[in-house]
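Peer 1: just to be clear, the model below is a prediction. Sequence and coordinates:
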Amino acid sequence: MTTLDVDTTFSAQDAPEFAPAQFVRWFREVAPYVHDFRGKTFVVAFGGELVNDGALNALIQDLSLLSALGVKLVLVHGSRPQVNEQLRLKGFDMQFGHSTEPTTPEALECAKEAAGEIRLDIEAAFSQGLPNTPMSHAHIRVISGNFVTARPVGVINGLDYLHTGAVRKMDTDAIKSVINQSAIVLLSPLGFSPTGDAFNLAMEDLATSAAVALRAEKLIFLTPNCMVRDGDGSVDTELTREDADALLVAGTLDHETASFLSYASRAVKRGVARAHLVPYTLDGSILLEIFTHDGVGTMVVEDTLDDLRAANIDDIGAIVQLIEPLEEDGTLVPRGRGVIERDVEKFTVLEHDGIIYACVALMPYLDENMAEMACLIVHPEWQGSGEGEILLRHTEARARAMGARRLFVLTTRTSHWFIKRGFVRGGVSDLPRERQAHYNHSRNSLIFIKKL
C-alpha cells in the first residue's frame with residue numbers, strides 16, 4: 001500500500017457516530033422487507049424536475065441497490081421542464097403543465113429531443129462503476145424500446161389534442177422477459193401507434209398503466225414535495241383509497257399533489273398493491289419509504305373495506321370467543337361479557353363469509369391526546385396474512401381522526417411485534433392519568449407508545 005493509499009483509507013469505524021450494535025439492529029430490522037420484496041415488481045416514476053434538481057445520480061444508486069436485492073424494476077421518466085425549455089429556446093410560447101394539453105408537431109419534436117437526452121443521462125448513470133461508490137461492481141443492464149402502444153387522445157369538446165396520446169396497451173410479455181433477467185426496463189413518455197405515429201404521453205399515466213398491466217407490488221412516484229399532510233403539517237403516511245378519493249373530491253389539495261394522488265388511487269383501484277408519493281428532495285427517500293415501517297411519504301392502499309367494519313351488538317358472542325382463549329392463558333386480562341357489551345362500539349372486526357376472525361378495540365383518552373389499542377386479536381388459523389397490520393393501520397387512522405397524537409398498548413407477550421412497527425418502550429408514568437389508576441401492577445404489562 002502506498003503512502004497515498006494510507007492517507008486516504010477511511011473505514012466506518014473511524015466515524016464518530018458509528019455504532020456497531022445500532023447498525024446490526026437496523027440491518028436485521030430491514031431483513032424481512034428484503035425477503036418480502038425479492039422477486040416483486042416495482043414501477044418507479046419521476047418527472048424531469050428530479051433531473052434538473054441534480055437528484056438523478058443519488059436515485060440511480062438507490063435503485064441499483066434495490067436491483068441487487070432482487071427487486072424487479074421498471075423505471076418511468078418524465079420530461080416536462082426539459083420540453084418546456086426546448087420550446088422556449090426555439091421561440092414557442094406554449095408550455096406544458098400537469099393538465100392534458102394539445103401537442104403540436106413542433107412540441108412533439110421537442111418532446112422527442114428531451115426524452116432522448118434524459119434516457120441517455122439515465123443509461124450513463126447506471127453505467128457508473130467507480131470504486132468506493134455505491135455503484136462499485138454494479139453491472140446493471142437498462143433496456144428501453146417500443147414497449148408501449150399509444151392512441152391519440154383525439155378531439156374533446158371540439159379541441160383537437162393532436163399528438164397528445166394515452167396508453168392503449170403495454171407489451172407486458174416483453175417487459176417481464178427483460179426484468180426476469182435482472183435488467184431494468186426504462187420507459188420514456190412517448191408511445192407509438194400501429195401506424196407508426198408518435199404520441200406525447202403523461203409520465204403519470206404511463207407509470208400507472210405499466211404498474212396495472214404488470215400487477216406491480218408498488219407504484220412509486222418521486223415528487224418534488226407532493227405528499228398528503230395532516231392539519232398540523234405532518235405527512236399522512238398512509239391513506240386508504242377511499243380516504244384518498246374523499247380528499248380529491250373535497251378539493252383541498254394543491255393541483256400537483258391532487259394529480260399524483262389521483263393516479264395513485266387509480267392504480268390501487270385497478271390492482272396495484274401499494275402506491276406511494278415520495279419526496280425526491282430527501283436523500284435516500286425511496287429506501288426510507290420501502291425499508292422503514294412508517295416511511296417518509298404518503299402510501300395509498302386498498303384495505304379490504306368489505307371485511308373491515310365497526311362492531312355491533314350482534315358481534316359480541318364472536319368477540320368473546322376470540323378473547324376467551326387469550327384470557328385463559330394469561331395473554332389478556334379477563335374482561336367478561338358485560339365489559340365487551342359496554343364497549344362494543346369501540347371495537348372493529350374483520351369478517352369473511354360471515355365469520356369474524358379478528359378484532360381490535362380503541363379506547364380514547366383525548367384530554368391527554370392519547371388513545372389505547374386493546375384486544376388486537378387474529379384467530380390462529382388466519383394469522384400470517386397481514387390481518388394484524390390491517391387492524392393496526394385502521395386503528396392508527398381512527399386515533400388520528402379522533403385527535404390523538406399518541407397510541408399506546410399494554411402487552412405481556414407480543415412486545416417485538418409492536419417494536420417492529422414503530423412503538424417504543426414507555427412506563428406507567430407515560431400513560432394517561434385515568435389509565436395509570438387502573439394499571440394492574442401484578443400483571444406487570446409492558447407499555448409501548450407510538451407517535452401518530
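Peer 2: Nice, thanks for sending it over. Note that this is a predicted model, so its numbers are computed, not measured.

Peer 1: with adjacent residues omitted, what lies nearest to C359?
Peer 2: The shortest distance from C359 to any non-neighbouring residue, by CB to CB, 6 or more residues apart in numbering, is to V349 (4.8 Å). Using the backbone N, CA and C atoms, a C-beta is placed for each residue, glycine as well.

Peer 1: that should have said N180, apologies.
Peer 2: With CB to CB, 6+ apart, the residue lying closest to N180 is K72, at 7.2 Å.

Peer 1: was I right about that neighbour contacting V178?
Peer 2: No. The criterion here is CB atoms under 8 Å, and K72 misses it with V178 at 9.2 Å.

Peer 1: looking at the two, which one has more neighbours?
Peer 2: K72 (26 against 20; other CB atoms under 10 Å).

Peer 1: if that one is in a bridge, with which residues?
Peer 2: T41 (DSSP bridges).

Peer 1: residue contacts, it?
Peer 2: G39, K40, T41, F42, I179, N180 (CB atoms under 8 Å, 6 or more residues apart in numbering).

Peer 1: between those residues, which is nearest L391?
Peer 2: Comparing the contacts of K72 against L391 with CB to CB places K40 closest, at 23.6 Å.

Peer 1: before we move on, the earlier item: now the two most distant members of the contacts of K72.
Peer 2: Largest separation among the contacts of K72 by CB to CB: F42 and N180, giving 14.2 Å.

Peer 1: between these two, who's got more neighbours?
Peer 2: Of the pair F42 and N180, F42 is the one with more neighbours under other CB under 10 Å, namely 25 against 11.

Peer 1: that one contacts R215, doesn't it?
Peer 2: No. In this structure, F42 is not within contact of R215 by CB under 8 Å, at 11.9 Å.

Peer 1: quick revisit: reformat the contacts of K72 as a markdown table; add pLDDT and distance to N312.
Peer 2: Converted to a markdown table, the contacts of K72 look like this (pLDDT from 0 to 100; distance: CB to CB, whole Å):
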| residue | pLDDT | distance to N312 |
| --- | --- | --- |
| G39 | 94 | 42 |
| K40 | 95 | 38 |
| T41 | 97 | 40 |
| F42 | 98 | 40 |
| I179 | 96 | 47 |
| N180 | 95 | 48 |
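
Peer 1: what does A246 show for phi and psi?
Peer 2: The phi and psi values for A246, taken as degrees, to the nearest 10, are phi -60, psi -40.

Peer 1: actually T237, not the one I typed
Peer 2: Torsion angles, degrees, to the nearest 10, at T237: phi -80, psi -20.

Peer 1: who touches it in this structure?
Peer 2: Going by CB under 8 Å, 6+ apart, T237 touches D294, G295, V296, G297, T298, M299.

Peer 1: closest one of the residues you listed to S144?
Peer 2: Relative to S144, the closest of these is G297; by CB to CB it sits at 26.4 Å.

Peer 1: give me the pLDDT value at T3.
Peer 2: Predicted confidence (pLDDT) for T3: 30.

Peer 1: repeat that for A107.
Peer 2: The per-residue pLDDT of A107 was computed as 93.

Peer 1: check S67 too.
Peer 2: pLDDT, S67: 93.

Peer 1: just the element for it, please.
Peer 2: Following DSSP states H and E, one finds S67 within helix 56-68.

Peer 1: kindly report the same for F96.
Peer 2: Assigned by DSSP H and E, F96 belongs to neither a helix nor a strand.

Peer 1: need the contact list for the closest residue to it other than its chain neighbours.
Peer 2: Among residues not flanking F96 along the chain, R80 sits closest, at 5.1 Å (CB to CB, 6+ apart). Counting by CB under 8 Å, 6+ apart, R80 touches G47, G48, E49, F96, G97, M203.

Peer 1: A68 now?
Peer 2: For A68, the contacting residues are A138, by CB under 8 Å, 6+ apart.

Peer 1: one more: K346?
Peer 2: By CB under 8 Å, 6+ apart, the contact set of K346 is A361, L362, M363.

Peer 1: next one: the lengthiest strand in the chain to chain centre, how far?
Peer 2: For the chain, the strand with the greatest residue count under DSSP state E is strand 355-365. Its chain's average C-alpha position is 25 Å from that of strand 355-365, according to CA atoms, centre = their mean, to the nearest Å.

Peer 1: just stretch 109-129 next, same as before
Peer 2: Mean-position distance between stretch 109-129 and its chain equals 26 Å (CA atoms, centre = their mean).

Peer 1: circling back: mind checking what helix or strand follows the longest strand of the chain in sequence?
Peer 2: Next element after strand 355-365 (DSSP H and E): strand 370-378.

Peer 1: that next one to strand 355-365, inter-axis angle?
Peer 2: 170 degrees (axes from the mean of the first three to the mean of the last three CA atoms, to 10 degrees).
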